[in-house]
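1. for reference, the sequence and a predicted model appear below.
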Amino acid sequence: MFSNNNTRAQTSTATRRLMKEYRDLTADPLQDTITAGPVSEDNMLEWEALIQGPEGTPYVSIFAAKLVFPPDYPLNPFTMTFDPPLLHPNIYPNGVVCISILHPPGDDPLHYESASERWSPVQGVRSVLLSVLSMLAEPNIESGADVECCKLYRDNKPEFERRVREQVKSLLGI
Amino acid sequence: MDMSNHPLLASMDEPPPFPANYTQLRRLDRSVVCQICKEPFQAPVSIACGHSFCSSCIRSSLDVLKKCPSCNEPASEGSIRRNRALEEITDAWEESRPIIHELAQPPIVRKRPAPESSSKPSSSSNTKRLKPSSREASGSRSQSPTKSRTSNEDHVQLRQEELLDDEEEEDDIQELTENDEAPCPICQATLPISSIPMHIEKGCPPPKAKMNGAKKGNQKADWRKVFSGQGTTGKAKDVEMKRIIKPNYSIASPADLRAILSEYSLPTTGDKAALTSRVQEWIILFNSNLDTSHPSSISALRAKLSDLEASKRRDKEKGKDEMIAQLGQKGGLQKYAKDKRSEFDRLRQEIIERDKRRKDEEEGKGGRENAIEVE
């Protein structure tokens, strides 16, 4: 019991928990469309994720995103930033993903989301990345991040899809 | 891409997962895990909605949000109850896991070592039998010298061969029961066979046989402390093993916080934020230590607290180092400048406005003084 306690204390709670999540992700990968892992060996608090856009969407490519974890993870959620940014109603122009599961705990003052869709310590990288995947497939324009993009998506979906395709092409360099 | 050999994973002191075909065992393995830290329950407790977590995990979580992390039902620290059955289940599972894990491995020749009737058992046969961790770590069956198969289709055949082997060797090999003792192949300490895999996984701590007695003694001593409210032996200052009541951090003065810390002989350095977080951490550590049947000593808790603080500091510094490294990279400075451009612009704007305001103020000083006088 004592030795167990000691090994646990050597690394911070956040680091240990992230190691655990990384291990589970490698042992039981998230479909074939997502991979994620720490950028460097000695800092578990920064990860990179590669996400393949879901089928039937204009996001036909593989996108890189940076996950940055707070030192008190999992009490507070991490942030996810697409780098380079992605044109999407729920992604800020600077690439930061805005979905309810990544919002800090507690009720939001505007009552846009019920607390059940919010971050809690039982959530993790796996559940968030799955939410992001479904967000790419179905944007939520009720609580958008990129207002212009929301309008475009609502009023002129073909044009929205065309622009996304264009962006994807330019990202790929074609 | 095979990431199972990643150095990060190798550095973890983690028992290996069960093979994928044993879904039931994987489920069982998951069910004794706290959903907050994703590790086997330590001092498990239940809250009003019926969900269970490690005592320290749910206490820190409730400090942030007074809701159950699993089902979002309102929850408070007052509803925390010790879950003794779950603790027993977790302990029992942790103890039997290495054994079951070994049984769940694809069959290999399992030779029982000769009984330990003679004073010195032949070390070769023992290592073969008693080295489950190294075999699990390598993940292959190549350690079996006579047969090395790679595909699972050979199971049946292997089993038959194994049976044959057993029959052949029955004459000179006697079965040992799990209660028999044998030396650990690594540190040579004599232990009951059933506990050796766990012993190795924990990195060969000194034999437990005596610890059981000692633990019991400790527990008794702790209880005596609880009931008598005083130290057991001639210790100068003993701490009362009573739940600490949380202070109201927003109105507590640094002196109040220091008083709590010095009561438990903890460092009282730092500003109010540092003191608050130390008191918070300590209360979580201390109170959750009362939710287990094998509590740590106060000095162990103190060590844990200082480890926690050190690891948090390390995490913070890591982030700093990284930023500095990024700035040092080619084009890093430009990138940083580009990233922070809006912030720089905002700050510049603020300074310009502030200067303008000051200038205005100076110019209009005389007029304003008059205005005040009028009032």
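-> Right, received. Where do you want to start? Numbering: from 1, shown residues only, chains lettered A, B, ... in the order given.

2. where exactly do the strands run in the chain?
-> This is for chain A. For chain A, the strands defined by DSSP state E cover A:34-40, A:43-52, A:62-68, A:79-82.

3. ah, I was thinking of chain B
-> Secondary structure of chain B by DSSP E: the strands cover B:44-46, B:52-54, B:81-82, B:181-183, B:190-192.

4. mind listing residues that contact the third one?
-> Strand B:81-82 is touched from outside by B:43, B:44, B:45, B:46, B:47, B:55, B:291, with contacts defined as CB atoms under 8 Å, 6 or more residues apart in numbering or on different chains. For the C-beta atoms, the positions are set from N, CA and C on the backbone; glycine is no exception.

5. coming back round to it: dump the strands of chain B into a markdown table; add mean neighbour count, distance to residue B:309 and mean pLDDT as well.
-> Converted to a markdown table, the strands of chain B look like this (neighbours: other CB atoms under 10 Å in any protein chain shown; distance: least, CB to CB, whole Å; pLDDT from 0 to 100):
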| stretch | mean neighbour count | distance to residue B:309 | mean pLDDT |
| --- | --- | --- | --- |
| strand B:44-46 | 22 | 24 | 95 |
| strand B:52-54 | 25 | 20 | 95 |
| strand B:81-82 | 14 | 27 | 92 |
| strand B:181-183 | 18 | 40 | 77 |
| strand B:190-192 | 16 | 36 | 76 |
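
6. quick one: closest of those to residue A:28.
-> strand B:52-54 (22.3 Å; CB to CB).

7. closest to residue B:31 out of the strands of chain B?
-> Closest approach to residue B:31 among those (CB to CB): strand B:52-54, 10.3 Å.

8. now for that closest one, which elements pack on it?
-> If contacts are counted by 3 or more CB pairs under 8 Å, 6 or more residues apart in numbering or on different chains; DSSP states H and E, strand B:52-54 sits against strand B:44-46.

9. sheet partners, orientation included, of the strand it packs on?
-> strand B:52-54 (antiparallel), strand B:81-82 (antiparallel) (DSSP bridges).

10. quick check: residues of the stretch 201-350 of chain B near chain A?
-> B:202-203, B:205, B:294, B:296, B:300, B:303-304, B:307-308, B:311-312, B:314-316, B:318-319, B:322 (CB under 8 Å from any CB of the partner chain).

11. out of everything not next to it in sequence, what's closest to residue B:42?
-> Using CB to CB, 6 or more residues apart in numbering or on different chains and skipping the chain neighbours, the partner closest in space to residue B:42 is residue B:54 (4.8 Å).

12. what sits against the one you found?
-> Residue B:54 makes contacts with B:34, B:36, B:37, B:39, B:41, B:42, B:43, B:44, B:45, B:288, as judged by CB under 8 Å, 6+ apart.

13. got it, and residue A:25?
-> With CB under 8 Å, 6+ apart, residue A:25 has these contacts: A:36, A:37, A:125, A:126.

14. among the residues you listed, give me the pair with the biggest separation.
-> Among the contacts of residue A:25, A:37 and A:126 lie farthest apart (CB to CB), at 12.5 Å.

15. neighbour count for these two, which is higher?
-> Taking other CB atoms under 10 Å in any protein chain shown, residue A:37 and residue A:126 do not tie; residue A:37 has more neighbours (19 against 16).

16. give me the pLDDT for the more buried one.
-> Looking at residue A:37, its pLDDT stands at 90.

17. for it, give the beta-bridge partners.
-> residue A:48.

18. correct me, but residue B:267 touches residue B:275?
-> No: under the criterion of CB atoms under 8 Å, residue B:267 makes no contact with residue B:275, lying 9.5 Å away.

19. CSV for the contacts of residue A:25, including distance to residue B:353?
-> Below are those laid out as CSV (distance: CB to CB, whole Å):
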residue, distance to residue B:353
A:36, 44
A:37, 45
A:125, 43
A:126, 47
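
20. and of the contacts of residue B:54, the nearest to residue A:138?
-> Closest to residue A:138, out of all of those and judged by CB to CB, is residue B:36, at 29.5 Å.

21. what's the local residue count around that closest one?
-> Residue B:36, neighbours per other CB under 10 Å, totals 22.

22. chain neighbours aside, what residue packs nearest to it?
-> Ranked by CB to CB, 6+ apart and with sequence neighbours excluded, the top spatial neighbour of residue B:36 is residue B:57, at 3.8 Å.

23. tally of neighbours for that neighbour?
-> Neighbour number of residue B:57 under other CB under 10 Å is 29.

24. ok, residue A:55 to residue A:136 distance?
-> Separation of residue A:55 from residue A:136 (CB to CB, to the nearest Å) stands at 11 Å.

25. and the two? Which one has more around it.
-> Per other CB under 10 Å, whichever of residue A:55 and residue A:136 has more neighbours is residue A:136, with 21 against 9.

26. re the thing from before, got TSV for the strands paired with strand B:44-46, with distance to residue A:15 too?
-> What follows is these, written out as TSV (distance: least, CB to CB, whole Å):
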stretch	distance to residue A:15
strand B:52-54	17
strand B:81-82	28
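
27. any idea how far residue B:259 lies from chain A?
-> 26 Å (CB to the nearest CB, to the nearest Å).

28. how many neighbours does residue 27 have?
-> As the question left the chain open, I've gone with chain A. Residue A:27, neighbours per other CB under 10 Å, totals 14.

29. sorry, I should have been clearer: chain B.
-> For residue B:27, using other CB under 10 Å, the count is 10.

30. all helices for chain A, in order.
-> Along chain A, counting by DSSP state H, helices occupy A:2-10, A:13-27, A:125-137, A:147-155, A:157-172.

31. could I get the ones you listed as CSV with mean pLDDT?
-> What follows is those, written out as CSV (pLDDT from 0 to 100):
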stretch, mean pLDDT
helix A:2-10, 41
helix A:13-27, 87
helix A:125-137, 91
helix A:147-155, 89
helix A:157-172, 89
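
32. deepest in the core, which of those is it.
-> helix A:13-27 (a mean of 20; mean count of other CB atoms under 10 Å in any protein chain shown).

33. which one is residue A:141 nearest to, not counting chain neighbours?
-> residue A:150 (4.5 Å).

34. likewise for residue B:257?
-> In space, residue B:257 comes closest to residue B:275 once its chain neighbours are excluded; the distance is 4.1 Å by CB to CB, 6+ apart.

35. then residue A:61?
-> Per CB to CB, 6+ apart, closest to residue A:61 is residue A:168, 4.8 Å.

36. shaky segments in the stretch 201-350 of chain B?
-> B:206-240, B:318-336 (pLDDT under 70).

37. rerun that using 80 as the cut-off
-> Residues of the stretch 201-350 of chain B meeting the criterion pLDDT under 80: B:201-242, B:312-344.

38. would you map the helices across it?
-> For the stretch 201-350 of chain B, applying DSSP state H, counting those that start in this stretch gives helices covering B:209-228, B:254-263, B:272-289, B:298-328, B:332-339, B:341-363.

39. which segments of chain B make up each domain?
-> Domain assignment for chain B by automatic domain parsing gives B:7-102, B:120-148+B:159-201, B:209-240, B:243-329, B:340-374.

40. what is the neighbour count of residue B:93?
-> Residues within reach of residue B:93, counting by other CB under 10 Å, total 16.

41. oops, could you answer that again for residue A:95 instead?
-> Neighbour tally, residue A:95, other CB under 10 Å: 17.

42. can you pull the contacts of the spatially closest residue to it that is not a sequence neighbour?
-> Ranked by CB to CB, 6+ apart and with sequence neighbours excluded, the top spatial neighbour of residue A:95 is residue A:85, at 3.5 Å. By CB under 8 Å, 6+ apart, the residues touching residue A:85 are A:91, A:92, A:93, A:94, A:95.

43. against chain A, how distant is the nearest residue to residue B:93 once chain neighbours are set aside?
-> Nearest residue to residue B:93, sequence neighbours excluded (CB to CB, 6+ apart): residue B:32, at 5.0 Å. As judged by CB to the nearest CB, residue B:32 and chain A stand 14 Å apart.

44. and residue B:32, backbone torsions?
-> phi -100, psi 20 (degrees, to the nearest 10).

45. wait, what's in contact with it?
-> Counted by CB under 8 Å, 6+ apart, residue B:32 has contacts B:40, B:41, B:86, B:89, B:90, B:93, B:94.
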